[in-house]
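Engineer: Fold the following.
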Amino acid sequence: MKSLSRRQINKSLLAIPGVALVGSAAAALVASPAAAASTKGGSIGTTEIVNRAKNWLSRDIQYSQTNYATDVEGNDSYRTDCSGMISMAWHATDNSFWTGSNWGSIASTVSKGSMRPGDALITTSNGHAVMFMNWIDKAAGKFKFIHMSNPNTDMVTGTGYTGGNISSYSAGSYTAWRYDKSFDDTVAVARDWNMQMLVNSVSGSLEHKMRFNSGSWGEGFGYVEGQSGDQGVPAAIAAAGMYDDLHVVIANGDDTVTHCVRDADGSWTPFRNVEGQVGSISSITSIAATSAGSQLHVVAVCAEGLRHTFRNHDGSWQESGWGNVENAAGTLPGTKTKVAATRIGTTLHVVVVAGGYVRHCSRTEGGDWSAWGNVENVAGEIGTITDVAVAGVNGEIQIIAQTSANALYHTLRNAAGSWQNFIKLSDFSSFVPESISMTEVDDDMQFAIVTSSGSIKHTIRYANGSWQESPGTVSLSGLSGGAAAQLAITGALD
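Structural biologist: Residues are numbered from 1 along each chain as shown. Modelled structure (predicted):
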């Protein structure tokens with residue numbers, strides 16, 4: 001019988017009257033049933049404030065200190081900079097407020113520890129304002145915010161720390177403000193970690209589906225590009241969970257790398273061109289993404305070699321552009337074909353198929369890379385390797401490798417650094433994998449493949465080391481073309 005994970009225990013405790021959780025185990029704030037829309041200058045609920053801000057995010061409103069954009073109703077216009085967005089979200093009467101304005105005329109200061117959704121954080125000395133969205137880990141002072149960043153990144157979400165930095169500025173320079181006409185309409189409920197599945201169908205459409213913590217699946221696949229913009233036929237796809245956001249990174253057939261985000265409420269941001277900020281790479285054959293700390297890391301196999309970049313919590317990308325991993329970790333022998341990435345804590349782990357072998361290296365939060373290691377040297381030889389997947393699970397690095405004989409093998413490196421020998425996954429022997437992916441969800445490892453017939457198979461390796469009795473078949477209901485071509489899975493709060 002599977003043992004309960006820490007998160008499942010937290011969920012059970014929340015169901016017991018009189019038991020409260022704090023810090024990262026605390027219940028999250030979610031919206032209560034929507035109230036009627038506010039009027040300009042009138043009372044407004046915290047849910048509507050956040051949704052008004054998200055409306056500008058979904059519309060990809062461009063940053064400007066001189067231009068104006070309408071709100072969600074289309075009745076009122078506000079300046080499209082950081083303080084203008086706050087005024088718009090609050091549905092304030094004055095649409096010309098700026099960071100140096102008298103915010104005390106419409107809002108009251110609150111402590112950063114008592115912030116609720118819709119509150120503003122304003123640093124007059126640095127001339128910036130962000131909106132508090134929700135706590136990620138209140139005990140650690142970690143939270144999610146949304147803001148009009150700058151003309152290069154426009155409106156994005158980010159991660160802030162009450163004892164550290166908020167959008168590149170010291171938290172101590174910010175004052176927390178609460179709109180005087182706002183009221184709290186959120187309720188505390190437990191939230192679960194769920195598996196998010198991204199699929200490129202045989203017809204070339206990018207689609208999304210969820211597997212809930214309870215074990216049930218969402219009703220059908222949803223068309224991502226219908227909400228985030230048409231990206232053509234993806235050459236490679238990657239997915240990464242970061243708290244309650246799903247980050248999607250794709251390489252298009254024209255070698256353009258784009259990125260979008262799915263929020264926990266199901267809304268999607270538009271796809272944005274990553275290469276416009278980090279530079280171009282060409283002939284991308286494989287791409288991987290993972291969160292590590294407050295950054296989203298992206299690694300790609302391309303004509304230029306093996307390249308890496310990252311997105312900061314404020315939405316900006318690495319200023320130096322794509323970095324050459326081999327310059328830092330050593331030259332890989334043989335042709336590089338596949339890459340996968342995960343994290344243990346704030347350390348990035350990268351695995352690459354090169355010359356038929358799986359190589360592994362890591363990158364610290366400070367940017368120091370380790371040298372490549374040959375996984376088969378420590379886990380046993382299994383033949384020529386053609387594909388690989390990796391997941392960080394409870395301090396372990398778990399790897400599944402596919403050989404040229406279409407066999408799948410699993411190994412792991414425990415927290416002490418010791419590797420287990422590769423073990424063949426006999427339950428998958430009757431399938432020919434075309435695409436493989438794995439992730440951690442609620443202390444378990446979940447693994448999925450696309451078969452040569454376009455079906456999707458899924459299984460779980462539980463925290464106690466046991467496996468699901470047999471792989472399950474994922475319903476393709478709603479998937480364009482009725483068959484899958486490639487997939488990527490990750491875990492995220494929802």
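
Engineer: Just read off the phi/psi values of the residue lying farthest from the centre of the chain.
Structural biologist: Distance from the centre of the chain peaks at Ser105, with 37.6 Å (CA atoms, centre = their mean). The phi/psi pair for Ser105 (degrees, to the nearest 10) reads phi -80, psi -20.

Engineer: Give me the pLDDT for it.
Structural biologist: The model reports Ser105 with a pLDDT of 91.

Engineer: Show me the shaky parts of the chain.
Structural biologist: Within the chain, the segments meeting pLDDT under 70 span 1-36, 186-191, 494.

Engineer: In it, what residue spans correspond to helices?
Structural biologist: Here the chain has its helices, by DSSP state H, at 6-14, 46-58, 82-90, 225-228, 275-278, 325-329, 375-379.

Engineer: Need the winner for burial among those helices.
Structural biologist: Across the helices of the chain, averaging neighbours per residue (mean count of other CB atoms under 10 Å) puts helix 82-90 on top, at a mean of 27. Using the backbone N, CA and C atoms, a C-beta is placed for each residue, glycine as well.

Engineer: Tell me the helices and strands packed up against that one.
Structural biologist: In terms of contacts (3 or more CB pairs under 8 Å, 6 or more residues apart in numbering; DSSP states H and E), helix 82-90 is packed against helix 46-58, strand 77-79, strand 120-123, strand 128-137, strand 142-148.

Engineer: Using a markdown table, lay out the ones you listed together with distance to Val248.
Structural biologist: Shown next, in a markdown table, are the helices and strands packed on helix 82-90 (distance: least, CB to CB, whole Å):
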| stretch | distance to Val248 |
| --- | --- |
| helix 46-58 | 15 |
| strand 77-79 | 29 |
| strand 120-123 | 28 |
| strand 128-137 | 19 |
| strand 142-148 | 18 |
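
Engineer: Nearest to Thr459, out of the helices of the chain?
Structural biologist: Smallest distance to Thr459 across these (CB to CB): 19.1 Å, for helix 6-14.

Engineer: So Phe428 sits against Thr403, correct?
Structural biologist: No: using CB atoms under 8 Å, Phe428 is not in contact with Thr403; the gap is 11.8 Å.

Engineer: neighbour count winner among these two?
Structural biologist: With other CB atoms under 10 Å as the criterion, Phe428 and Thr403 differ in neighbour count, and Phe428 comes out ahead with 22 against 17.

Engineer: From Lys209, how far out is the more buried one?
Structural biologist: Distance, Phe428 to Lys209, by CB to CB, to the nearest Å: 20 Å.

Engineer: Show me what the residue lying closest to Arg272 once chain neighbours are set aside bridges to in the sheet.
Structural biologist: Excluding the flanking residues, the one nearest Arg272 by CB to CB, 6 or more residues apart in numbering is His259, at 5.8 Å. The partner list for His259 in beta bridges (DSSP bridges) reads Val249, Arg272.

Engineer: Return the distance of stretch 313-320 from the chain's centre.
Structural biologist: 15 Å (CA atoms, centre = their mean, to the nearest Å).

Engineer: typed the wrong thing, it's stretch 434-445
Structural biologist: Worked out by CA atoms, centre = their mean, stretch 434-445 lies 15 Å from the chain centre.

Engineer: Also stretch 154-170?
Structural biologist: Worked out by CA atoms, centre = their mean, stretch 154-170 lies 17 Å from the chain centre.

Engineer: Can you tell me how far the closest residue to Arg79 other than its chain neighbours is from Asn95?
Structural biologist: Nearest-residue entry for Arg79: Tyr68, 5.5 Å, with adjacent residues in sequence omitted and distances by CB to CB, 6+ apart. Applying CB to CB, the value for Tyr68 to Asn95 is 8 Å.

Engineer: Report the set of residues contacting both of those two.
Structural biologist: Common neighbours of Tyr68 and Asn95, using CB atoms under 8 Å, 6 or more residues apart in numbering, are Ser77, Tyr78, Arg79, Gly84.

Engineer: surely Ser77 meets Gly84?
Structural biologist: No: look at Ser77 against Gly84 with CB under 8 Å: they stay out of range, at 9.4 Å.

Engineer: tell me, what's touching these two both at once?
Structural biologist: Tyr68, Asn95.

Engineer: quick one: contacts for the residue nearest to Arg272?
Structural biologist: His247, Val248, Val249, Phe271, Arg272, Val274, Leu296, Arg311.

Engineer: Repeat the analysis, applying 6 Å as the threshold.
Structural biologist: Contacts for His259 (CB atoms under 6 Å, 6 or more residues apart in numbering) come out as Val249, Arg272, Val274.
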